[in-house]
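>>> What follows is a protein structure lacking sequence information:
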């Protein structure tokens, strides 16, 4: 059986493995650390940054956080990390890594992210930033056509139009709504806070790449299959940094919680360049495994 056939067969099987998935981030991984904190080293330090953003080890400096539900959160955290990830999504992601080049995985993620463009266009308008809204709209039009449905990112690669993910939680933050208590939920929102959890239904409608209204009319099994493929691919992209983060953290729950909250504050302020550097080399989809494990 060829590599392509193996990949297709695995993706078809993901519909069964992803019965518990929902249209949102299923990978319980931490957000990037404060500016200046280095990424934990991986086997390929000169490799382009993966897409989406890699989880990084948070700063050793801790701050007071609102976490009154820590007992509940830790129980959910154990389920997400030590059960769901270790015994289901992780092994499936490793199998996908074995048969797919990383270049392919990055392009798949870019295509899904391109479907989130309605939210990336509307949220900056709500935040009083029409310039960014225009950039997001231009990116969508260019990447959906020249970039072949978002598989490639010529808008950034050739025109300098940088990707900036936006969601309704960030908009509420810009409006002055505080994060509220930290919250872990099973699979659908493994790392969030009360404000972002309440904003999730709006993001589910606008961010078509993370679910969206199309799933209402699509057959249930189509949503499961697409969601399983998407999150398995995303889990494969962050595998190396998940391993590094877990190994470096004294308390993985605290480390991921603090990194998430710090990262969300930076996203709200747009204080860090969220640029990702996708790989647009058309001929780098090689025939080897190409997977970093």
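Noted; the coordinates are in hand. Please read all numbers here as calculations on a predicted model, not as lab measurements. Numbers count the residues shown, from 1 in each chain.

>>> any idea how far residue 212 is from residue 205?
7 Å (C-beta to C-beta, to the nearest Å). Yep, even glycine has a C-beta here, placed from its N, CA and C like the rest.

>>> Neighbour count for these two, which is higher?
Between residue 212 and residue 205, counted using other C-beta atoms under 10 Å, the more crowded position is residue 212 (20 against 15).

>>> tell me the secondary structure for that one?
Using DSSP: H, G, I helix; E, B strand; the rest coil, the structure places residue 212 in coil.

>>> just checking, it touches residue 204?
Yes - counting by C-beta atoms under 8 Å, residue 212 touches residue 204, with 6.8 Å between them.

>>> Just the pLDDT for residue 64.
On the pLDDT scale, residue 64 is placed at 74.

>>> Where does it fall, secondary structure wise?
Taking DSSP states H and E as the definition, one finds residue 64 inside no helix or strand.

>>> same question, the one 10 residues further on
Using DSSP H and E, residue 74 falls within helix 70-78.

>>> How far off centre is that helix?
Centre-to-centre, helix 70-78 and its host chain are 21 Å apart (C-alpha atoms, centre = their mean, to the nearest Å).

>>> Stretch 206-215 now?
Its chain's C-alpha centre and that of stretch 206-215 lie 14 Å apart, by C-alpha atoms, centre = their mean.

>>> in this protein, what spans have low per-residue confidence?
Regions of the chain meeting the criterion pLDDT under 70 cover residues 1-63, 271-293.

>>> Please enumerate the helices of it.
Taking DSSP state H, the helices of the chain run over residues 3-17, 70-78, 90-99, 102-114, 117-126, 130-145, 154-157, 168-174, 194-206, 214-217, 220-237, 239-248, 252-269.

>>> relative to helix 130-145, how tilted is the fourth one?
The directions of helix 102-114 and helix 130-145 differ by 130 degrees, with axes from the mean of the first three to the mean of the last three C-alpha atoms, to 10 degrees as the criterion.

>>> Hmm, residue 252 and residue 246 touching each other?
Yes - with contact defined as C-beta under 8 Å, residue 246 reaches residue 252; the gap is 5.5 Å.

>>> do you know how far residue 76 is from residue 190?
8 Å.

>>> So between these two, which is more surrounded?
Each of residue 76 and residue 190 has its neighbours counted (other C-beta under 10 Å); residue 190 has more, 24 against 19.

>>> ok, that one to residue 257 distance?
11 Å.

>>> now do residue 224
Distance of residue 224 to residue 257, given as C-beta to C-beta: 29 Å.
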